[in-house]
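Trainee: Sequence plus the predicted model coming up.
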Amino acid sequence: MNTDIRSIIAGMTLEEKAALCTGASAWTSTPVERLGVPEMIVSDGPHGIRRVPDVHAMTPQSLPATCYPTASCSASTWDLALMGQLGAAIAEEAIALNVDVVLGPGVNMKRSPLGGRNFEYFSEDPFLTGELAVNFINGVQAKGVGTSLKHYAANNQEFQRFSIDAQVDERTLREIYLPAFEKAVKEAQPWTVMCSYNKLNGVFASEHHALLTEILKDEWGFEGLVVSDWGAVRDRVAALRGGLDWEMPGPQDRRVRTVIDAVRSGELAEATLDESVRRILRIVFKAKETPKGGAFDVDAHHELARQVAAEGIVLLKNDPLPQGGPLLPLAGHERIAVIGRSAQAAHFQGGGSSHINPTRVDVPIEALRSRAPTSEFIYAEGYPPDDSFRQDLIDKAAQVAQSADVALLYIALPTYIESEGYDRTDLDLTAQQVALIRAVSSVQPRTVVVLNNGAPVAMNAWIDAVPAVVEGWMMGQAGGSALADILFGHANPCGKLAETFPLKLADTPAYLNWPGGAGKVQYGEGLFIGYRYYDAKQMPVLFPFGHGLSYTTFEYSHPRVSATHFRDVDGLTVTVDITNTGHVAGKDIVQVYVHDRASGLVRPEKELKGFAKVSLQPGETKSVTIELDSRAFAYYHPEYGRWITEDGEFDILIAASATDIRHTLTVTLKSTVKLPCILDKESTIREWMADPRGRDVFGPFYAQMEEQNRKIFGGSGDESPIGMDMMGMMGDMPLVSVLMWQQDALPMHPEDLVDGLLAEVHGQAH
Ligand code: BGC
């Protein structure tokens with residue numbers, strides 16, 4: 001096989017090149033048999049393989065594959081090694097099912113808990129998302145199977161997802177919506193990146209030159225190909241110019257024609273087309289280096305799905321009962337009421353393109369039975385499959401609960417509520433489910449609620465009446481067993497939330513800007529999504545980011561840093577000792593947040609910059625070390641157009657969750673960033689004084705100005721004849737405007753004076 005890409009391109013006709021840049025079918029690339037260019041097969045993604053039997057047709061049914069927990073669950077593991085294993089297992093299934101590229105992971109931020117695809121995404125935090133994605137991608141690609149990092153970018157809702165124009169300021173993009181993509185590209189080089197459907201600041205993502213070419217390819221060094229989300233291309237020529245290499249799905253004869261015509265007419269440079277052809281050929285040939293076929297180990301993969309679920313399930317609440325310890329783990333109960341349809345019909349994945357045809361499914365109630373063979377289990381359906389109201393089911397369930405020693409309430413939203421293609425409209429369980437929980441918990445104080453959902457639900461209406469709540473997520477095909485293990489203490493819960501559970505919808509960051517209208521959605525909350533918002537507003541939440549309980553307890557001691565004074569480029573090492581102070585083995589997830597004490601631009605109160613998961617036997621202590629690099633202290637400055645650090649003090653918060661800070665250490669950073677002076681004619685006096693070069697040349701004038709003002713208007717603190725602090729007001733005026741008022745006292749015209757000062761600060765003669 002000739003895989004010399006340059007010679008292949010040289011031998012291709014314009015028609016062949018244009019055709020290659022569009023798929024041949026829903027799941028395949030266009031082969032060029034004449035030149036030995038094979039077909040490449042892609043399949044969804046992200047938490048398993050959705051491979052249709054005939055890749056040249058668009059059919060809903062797919063071949064059996066392991067349905068692993070969806071991303072909200074796998075993210076709650078915070079377990080990077082496990083993400084790698086998950087990736088590797090998915091790659092093995094891809095190989096067995098003859099798939100070259102898996103369409104995932106999805107790394108969009110959870111801007112609102114209403115986002116229809118939140119179950120497919122990891123977190124509200126870009127750092128955590130990036131770390132998980134890197135490990136997942138490396139896991140897949142180490143096996144010679146490609147990934148598709150999606151959906152790039154600012155695709156954070158389903159409402160009008162094909163057309164909505166996300167209005168996001170540059171700093172918010174760089175600090176919140178892009179970093180997970182950036183980290184994944186720089187540290188894992190996904191073979192493909194999938195552009196999103198939406199527009200970003202007025203331009204379709206599929207045509208966005210800044211996004212696809214300048215940032216992704218040029219700045220981050222992305223070497224793979226950019227594929228469109230399925231049907232995201234509107235103007236094929238504009239898309240090629242923007243940097244979109246491969247349009248999917250195909251065939252698209254008319255589009256191919258347009259490309260040919262555009263090259264012939266000179267509207268599209270052939271070199272631009274060649275660059276996309278080069279990128280596509282590179283990945284097609286890379287894909288073919290991995291022989292496909294064979295079988296995957298169905299049992300072992302089912303077991304891995306169970307393990308991921310067990311690590312991702314979060315024990316949200318486990319209060320002590322009035323008569324003693326907490327209800328969980330269950331022990332010694334003879335009659336156990338199991339209530340709720342989802343105990344029989346496991347709800348373990350969401351709707352849409354990620355939907356897997358599982359190899360098998362663990363039935364939650366059967367898993368319970370197998371773990372407590374001497375207990376008696378009594379089942380009641382509790383609620384119907386839809387959102388209709390059935391009092392008879394509630395009455396029956398309450399009766400069953402009352403007759404038992406303990407009630408396990410399995411509550412799953414109707415299966416169609418969380419899906420690709422539309423958002424949720426509220427955070428509520430169905431009215432039936434709320435009434436059911438209230439009815440059961442009022443007759444049975446030992447009630448555990450086990451939730452299956454892909455995103456937060458509101459719990460105010462019932463949580464106080466329930467001593468224990470387990471977040472079981474969309475837990476994948478083996479989740480029923482994982483839940484049973486957790487409930488009976490065969491596994492100690494160790495998952496922690498990768499997203500905040502708010503008290504109510506109206507509290508959520510994007511509430512006033514969701515989901516937009518008239519074709520646009522304003523990201524008005526800016527940097528403040530997730531815990532960054534609740535921190536800034538000092539708002540209580542139901543369960544904070546990073547929260548998760550265990551059957552044991554952990555103590556954090558002896559916190560230390562590698563240096564109290566350090567240069568940004570050297571980074572910092574944070575170490576803390578963690579002790580398991582309880583009676584069972586367990587795992588804890590230590591989180592390190594950074595708080596900037598003072599900065600030029602407003603910053604979130606704290607940001608996650610490191611974490612570690614540690615496994616401890618009872619009584620055992622381990623030292624945990626977390627590295628913080630320069631980026632951990634930096635923020636993106638839109639005027640400089642780059643990440644910057646500033647000299648000053650930072651607090652390092654060592655925490656068990658975003659609201660459970662165990663230790664705070666203060667360090668001092670010395671910035672090595674050499675910034676150009678950005679003072680200009682509009683710069684305010686305060687900006688002149690904040691800039692070191694500005695202060696040098698303007699400082700003496702400032703002192704005179706202050707003196708003058710004090711004489712006329714009184715200084716700050718004095719009682720001024722006009723009731724104001726004159727320098728306070730002037731601080732926010734452009735220098736030239738202030739000087740205009742004092743023209744008479746100046747030796748030259750204020751504009752000339754400012755021009756001269758500007759020349760001086762910019763290092764020019766004047
Ligand atoms: C989804 C993608 C998916 C693609 C192929 C699109 O509608 O947005 O996530 O990979 O379809 O199924």
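Mentor: Okay, I see it.
Trainee: Would you mind pulling the contact partners of the longest helix belonging to the chain?
Mentor: Secondary structure assigned by DSSP state H gives helix 692-713 as the longest helix of the chain. The contact list for helix 692-713 (Cβ atoms under 8 Å, 6 or more residues apart in numbering) reads 677, 679, 683, 685, 687-689, 715, 718, 720-722, 724, 726-727, 730, 735, 738, 742, 745, 757, 760-761. All C-beta spots, glycine's among them, are computed from the backbone N, C-alpha and C.
Trainee: mean confidence score for it?
Mentor: Mean per-residue pLDDT for helix 692-713: 88.
Trainee: Skip ahead from it and say which helix or strand is next.
Mentor: Sequence-wise, the next helix or strand downstream of helix 692-713 (DSSP states H and E) is helix 726-730.
Trainee: For that following helix, name the packing helices and strands.
Mentor: Judged by 3 or more Cβ pairs under 8 Å, 6 or more residues apart in numbering; DSSP states H and E, helix 726-730 is in contact with helix 692-713.
Trainee: so what's the closest residue to the ligand within the stretch 1-150 of the chain bridging to?
Mentor: Going by Cβ to the nearest ligand atom, the ligand is nearest to L103 of the stretch 1-150 of the chain, at 3.8 Å. Under the criterion DSSP bridges, L103 forms beta bridges with D44.
Trainee: Give me the number of neighbouring residues for it.
Mentor: Applying other Cβ atoms under 10 Å, we find 28 residues neighbouring L103.
Trainee: can I assume it is in contact with I41?
Mentor: No. Checked against Cβ atoms under 8 Å, the pair L103 and I41 is beyond contact range at 11.1 Å.
Trainee: Quick one: end-to-end distance for stretch 499-515.
Mentor: End-to-end distance for stretch 499-515, by Cα to Cα, to the nearest Å: 19 Å.
Trainee: which of the contacts of helix 692-713 are buried?
Mentor: 679, 683, 685, 687-688, 720, 726-727, 730, 735, 738, 757, 760-761 (16 or more other Cβ atoms under 10 Å).
Trainee: While we're on the residue nearest to L572 when sequence neighbours are not counted, how confident is the model there?
Mentor: Once flanking residues are discounted, L572 sits nearest to L628: 4.6 Å by Cβ to Cβ, 6 or more residues apart in numbering. Note on L628: pLDDT of 98.
Trainee: The closest residue to Q617 other than its chain neighbours: what's it in contact with?
Mentor: Take Q617 and drop its neighbours on the chain: the residue closest to it by Cβ to Cβ, 6+ apart is A585, 5.1 Å away. Residues in contact with A585 (Cβ under 8 Å, 6+ apart) are N492, T552, S615, L616, Q617, P618.
Trainee: Pretty sure the residue nearest to L572 sits against G610.
Mentor: Yes. Contact criterion Cβ under 8 Å: L628 and G610 qualify, at 5.7 Å.
Trainee: overlap in contacts of those two?
Mentor: V574, V592.
Trainee: what's near enough to touch the residue in the stretch 451-600 of the chain that the ligand sits nearest to?
Mentor: Among the residues of the stretch 451-600 of the chain, G454 lies closest to the ligand, at 14.7 Å counting by Cβ to the nearest ligand atom. Neighbour list for G454: T70, S72, N118, F119, E120, G350, E418, W473, M474 [criterion: Cβ under 8 Å, 6+ apart].
Trainee: Those residues: which two are farthest apart?
Mentor: E120 and W473 (11.9 Å; Cβ to Cβ).
Trainee: Okay, and which of the contacts of A585 map to strands?
Mentor: Per DSSP state E, strands hold the following members of those: S615, L616.
Trainee: Same list, the contacts of A585, but only the ones touching the ligand.
Mentor: For the ligand, no contacts are drawn from the contacts of A585 by Cβ under 6 Å from any ligand atom.
Trainee: so where do the strands sit in the stretch 451-600 of the chain?
Mentor: For the stretch 451-600 of the chain, the strands defined by DSSP state E, counting those that start in this stretch occupy 468-471, 520-522, 554-561, 565-567, 572-580, 586-596.
Trainee: In the sheet, which strands lie alongside the longest one, parallel or antiparallel?
Mentor: Strand 586-596 sits in its sheet next to strand 607-616 (antiparallel), strand 648-657 (antiparallel), going by DSSP bridges.
Trainee: Need the ones you listed in JSON lines (columns: mean pLDDT and mean neighbour count).
Mentor: Below are the strands paired with strand 586-596 laid out as JSON lines (pLDDT from 0 to 100; neighbours: other Cβ atoms under 10 Å):
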{"stretch": "strand 607-616", "mean pLDDT": "98", "mean neighbour count": "20"}
{"stretch": "strand 648-657", "mean pLDDT": "98", "mean neighbour count": "20"}
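Trainee: Hmm, L80 is touching L132, no?
Mentor: Yes. L80 lies in contact with L132 (Cβ under 8 Å); the separation is 7.1 Å.
Trainee: Those two: who's more crowded?
Mentor: Set side by side, L80 and L132 show more neighbours around L132, with 28 against 17, by other Cβ under 10 Å.
Trainee: export the host helix or strand of the more buried one as CSV, just CAs?
Mentor: Taking DSSP H and E as the criterion, the element that holds L132 is helix 126-141. What follows is helix 126-141, C-alpha atoms only, in CSV (Å, rounded to 0.1, in the frame of the first residue of the first chain):
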residue,chain,number,x,y,z
PRO,A,126,-12.7,22.7,32.8
PHE,A,127,-9.7,21.4,34.6
LEU,A,128,-11.3,18.2,35.8
THR,A,129,-12.9,17.7,32.4
GLY,A,130,-9.5,18.1,30.6
GLU,A,131,-7.8,15.6,32.9
LEU,A,132,-10.5,13.0,32.4
ALA,A,133,-10.5,13.5,28.6
VAL,A,134,-6.7,13.3,28.3
ASN,A,135,-6.7,9.9,30.1
PHE,A,136,-9.7,8.6,28.2
ILE,A,137,-8.2,9.6,24.8
ASN,A,138,-4.8,8.2,25.6
GLY,A,139,-6.5,4.9,26.7
VAL,A,140,-8.3,4.6,23.4
GLN,A,141,-5.5,5.7,21.1
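Trainee: That one vs strand 607-616, what angle?
Mentor: 60 degrees (axes from the mean of the first three to the mean of the last three Cα atoms, to 10 degrees).
Trainee: Helix or strand next in line after helix 126-141, which one?
Mentor: strand 146-152.
Trainee: Show me what from the stretch 251-400 of the chain comes close to the ligand.
Mentor: S353.
Trainee: residue in the stretch 251-400 of the chain nearest to the ligand?
Mentor: S353 (3.5 Å).
Trainee: measure that residue to I644 for me?
Mentor: 39 Å (Cβ to Cβ, to the nearest Å).
Trainee: And D426, by the same measure?
Mentor: 41 Å.
Trainee: Show me which of the two is the more surrounded one.
Mentor: I644 (18 against 12).
Trainee: What residues does the stretch 101-250 of the chain have near the ligand?
Mentor: L103, K150, D229, W230.
Trainee: if you set the cut-off to 8 Å instead, what comes out?
Mentor: Residues of the stretch 101-250 of the chain lying near the ligand by Cβ under 8 Å from any ligand atom: 103-104, 106, 117, 120, 148, 150-151, 161, 194, 196-197, 229-231, 248-249.
Trainee: ok, of those residues, which come out buried?
Mentor: Using 16+ other Cβ under 10 Å, the buried members of these are 103-104, 106, 117, 120, 148, 150-151, 161, 194, 196-197, 229-230, 248-249.
Trainee: Leaving aside the residues adjacent along the chain, what's closest to E158?
Mentor: G116 (3.8 Å).
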